[in-house]
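Enquirer: below is the structure, and that's it, no one-letter string:
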């Protein structure tokens, strides 16, 4: 495999232009049909061949195989080791061994609460579910929420208090703190600074206020790399006061997003996905779909869901926003007329839906764009309808960048004698030009509270191990201000302290527990009358009833937003910074689930890359190639504002041409064993004068190559054979759908049911089935992590992913449709189809995969001998094989994390989606014990219950009244590869998009659809 | 040229072929026999426990119901091993100074759990549910034997999968009226098959034999 064949972009363009009709494709390699791609397509696992021809690989292979055989023989000969049963001494109330309990709490996302219910087995939290009663959850979570459980049990978490690297006790810390506090007391706190991330916790805010009252000259600074500075400043521009906007997507018929990734991130994204997807759903043959327009500088899942997407550099979006505003009749300057063909129909559409439309601006856009969005909403009559305003949710809203800048100046000026860093990792994630680390070193006493011994801990005198959010009492506000009580699920594993306890120590109560602090605070608020009842209720529900902030009436001030923020147009390259879609701003860097989670659009895992457009890649001569040991690409050097960084380049269809996106969060030096040393540190280029984008980027090929672990070509299903077109993804415009609602069914022929050599199965009881609505799915990845958590799925590491051995049972295939420059994007979650005529079952020589009496395709681990015939014969490529002992059998904390209802698989065993059979069995047994039939909806698979879009429906297809039966009778229902007569039980509902018929074809998805520009454009 | 091998070698070759085959078969048979023997299954082997707890005394002698200690049996997959507190309910009064019970008192004093040796130890890939069985008329003694006669608990049955399937394939052979489930001394009547068939219908007992019933 030494000969690489690279993707020829101009050939790809010619091919796309030549193809008639709709063509869905997954990667450039596929379009170019490179040998590497063919390898992935045609071989089950493409790596063994190279193992045999490479001498060292072969030796390694034989060594491992030899050891495996020897061990496999031996393990069968041992008797079961003696096991102990360790009962309670006094059994806690409510605990029934074998039955989990669920507790309401919240996980924090950028400081905001997202309500969850945590499953607890005998005191061990094992799984996170959404809290249906919480406004930010509505029963679902995002991928970050799911992965919190791994964060809790992360063996690399900080375990002790250290002083200059040496282990100390809490008592020793309190003793050391006294003189410093006494000195500050004398000065009124003039040299005392506190740095936190965004704080929404009422208790923490009250504690900080109390501390500031004791030290009046002390200052409280806030900083986190992804903040709401621009949104806040925009509201101030528009309304003259800082306000928080709450969006009502369910009410909006037409939505314009100015780089707002409202589906992908933010404190309300889970709720917004629900509301958005609710308006993408079609019941039967009738639809009242919303329409989404997105202008964005870096591809996001919101852009992928758009009906019309306009990729532009981030700096150009303000011009378009001004053009739309001008079109709506607002007195603005600086309108960019270059996109009139796109803006014109958009303005008409917005105007037609006055009061039922919505304009949103993203945090990466300057305050003026936010103000413009508000002004447009005002002009359209949307204020108070599709967008309402409340007082800021943060305890103390301020401009975080300015706050950090002040702190750095004070520290550099020697004015700070005592610094308390309460969470956060500013040494790693502050903009490079602030030189925070050097200024920090000037402070005589630096104290850091954090979950990890990270880059900031390293530079502080004292590091205090923080208690995880699932180990401590606290409270926090959700996006709408609703207060959520955070309760611990387990005592701190390593005796960590919460921020409340640390602040209590600063207030002179070193031994006060977090529980006391939070409870006392609420005692003050609830009042003595029936406090206990209200408190219990709040803790039980996870949310304080009626605590959402009241709506505020607003009036638009005609303000400074009239004039553009950025006058100069820059002709050169631009760099865009975004939080990473799977590890955020870097705080999840040591989370293996999130690292291995393919990023929703690029499908990269384990690292970041310089994302650039196909045209820019062609100009630079970037050569990508798919090989058996990973995707290889060119290493480029990015030079920006005096700093340089070497980054692997990655071609992303639909990326704006003269721009390069770099995701934050990687390049961690001290993240832990999982996250250290992966990817490159984008913060080294990020500057305070352009947190989100900046002009003047230089890029050059270094001549070196890099290997990336990208899953986009893995598990690829062939679209076209010589005889038939498969139509894996089926999609239509609304108009087409209305003309022919049965379009999806007509795209393939389903063989008659009795066309099989084998006798048909009969189901007298239940017969399980699932549907996935591709109209609703936005590709948020939550299901992938939920499945991993529920089913004890191991993490395999970058090298194994690069070889196509990732283990996730559910994958989300991302398809493009149309040209390279602005394709339409589709997501298709693929899991085991539980085929009626399952090709895997008939080839297993040991009957380890068999049909159950309820239609499941059972996988029996204890019978499996690892021949892999089944996965060779699976047309959907959903079977996963444990090539090595991927599961960590040794780390004690990870043992606590596992779901006790699911077998932990070992080396040499095939595994795959079971439809969460443990949940089915439990529900069936419960129903039988209570002598009642199973209710529809009683069983929710892990992927279904977490899905914010409610795209997945599971149930009994034998029950004519069940929801899943209803979904399957939809005209949009189709089976994947149904023409193979596998008769899959998992079926899809074809996606329907709602493009604006007035939009010119070449200026939107129409361009993608008709592939017009491809034929005419010069060959890059 | 004379023959290298004597004619008798033919017989010898045939005999060694037969012996080899028999030996291989015997070897397989031996492995099967060993894996089914009490040596491997630990069937009938009384296990030493930290406290010599006697079911014979407590169940047979005192007549304590199974569910007094195994509280979760009707609602959960596991029957539940009682907390030390359950022992102390009585033994803070009776036999309060017995040296044999010192580990129990020590546990209650210190808060450290007693560590019992698991007698019925299913492999980790098997998921058995007690509640599903007792609620359908499978008596405790059907699997656990006459615990009321056991001074030290031993595993009554082999716990091999073929043993599970004996009942899952023909529940009528083993079901008893629900009222008799916790009766350790219950003897099946002469017309068990007839009664069993009625009970199967009455309790809607439909044991499944699909793999995922127990393996997941």
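Expert: Structure's in. What do you need? The model shown is predicted, which means the values in this text are computed figures rather than measured ones.

Enquirer: could I get the buried residue list for the lowest-mean-pLDDT helix or strand in chain B?
Expert: One helix or strand of chain B scores below all others by mean pLDDT, DSSP states H and E: helix B:38-41, with a mean of 84. Residues of helix B:38-41 classed as buried: B:40-41 (neighbour count, 16 or more other CB atoms under 10 Å in any protein chain shown). Glycine gets a C-beta too; all of them are placed from N, C-alpha and C.

Enquirer: now the element after that helix, going C-ward?
Expert: Moving toward the C-terminus from helix B:38-41, the next helix or strand (DSSP states H and E) is helix B:55.

Enquirer: dump the residue contacts of whichever residue of the stretch 151-300 of chain A sits closest to chain B.
Expert: Nearest to chain B in the stretch 151-300 of chain A, going by CB to the nearest CB, is residue A:153, at a distance of 19.6 Å. The neighbours of residue A:153, taking CB atoms under 8 Å, 6 or more residues apart in numbering or on different chains as the test, are A:493, A:893-894, A:896-897.

Enquirer: redo that, cut-off 10 Å
Expert: A:124-126, A:468, A:470, A:490, A:493, A:891-898 (CB atoms under 10 Å, 6 or more residues apart in numbering or on different chains).

Enquirer: try residue A:500
Expert: Residue A:500 is in contact with A:201, A:203-204, A:207, A:422, A:467, A:472-475, A:512-518, A:521, counting by CB under 10 Å, 6+ apart.

Enquirer: residue A:84: what's its closest spatial neighbour, skipping adjacent residues?
Expert: Nearest residue to residue A:84, sequence neighbours excluded (CB to CB, 6 or more residues apart in numbering or on different chains): residue B:115, at 4.6 Å.

Enquirer: same deal with residue A:184?
Expert: residue A:192 is the one closest to residue A:184 (CB to CB, 6+ apart), at 4.5 Å.

Enquirer: hang on, the earlier thing: so which of the contacts of residue A:153 sit within helices?
Expert: When the contacts of residue A:153 are checked against helices (DSSP state H), the matches are A:892-897.

Enquirer: what about the helices in chain B?
Expert: Going by DSSP H, chain B shows helices at B:8-36, B:38-41, B:55, B:66-69, B:84-91, B:102-110, B:130-134, B:140-144, B:161-169, B:192-202.

Enquirer: for the ones you listed, which has the smallest mean pLDDT value?
Expert: Across these, helix B:38-41 has the smallest mean pLDDT, namely a mean of 84.

Enquirer: who are the packing partners of it?
Expert: Contacts defined by 3 or more CB pairs under 10 Å, 6 or more residues apart in numbering or on different chains; DSSP states H and E place helix B:38-41 against helix B:8-36.

Enquirer: packing partners for the helix it packs on?
Expert: Packing partners of helix B:8-36 (3+ CB pairs under 10 Å, 6+ apart): helix B:38-41.

Enquirer: how far does the least confident helix or strand of chain B sit from its chain's centre?
Expert: On the basis of CA atoms, centre = their mean, to the nearest Å, helix B:38-41 sits 12 Å off its chain's mean C-alpha point.

Enquirer: residues in contact with that helix?
Expert: The contact list for helix B:38-41, computed with CB under 10 Å, 6+ apart, reads A:77-80, B:31, B:33-35, B:44-45, B:154-155, B:157-160, B:163.

Enquirer: fine by me, we can end here.
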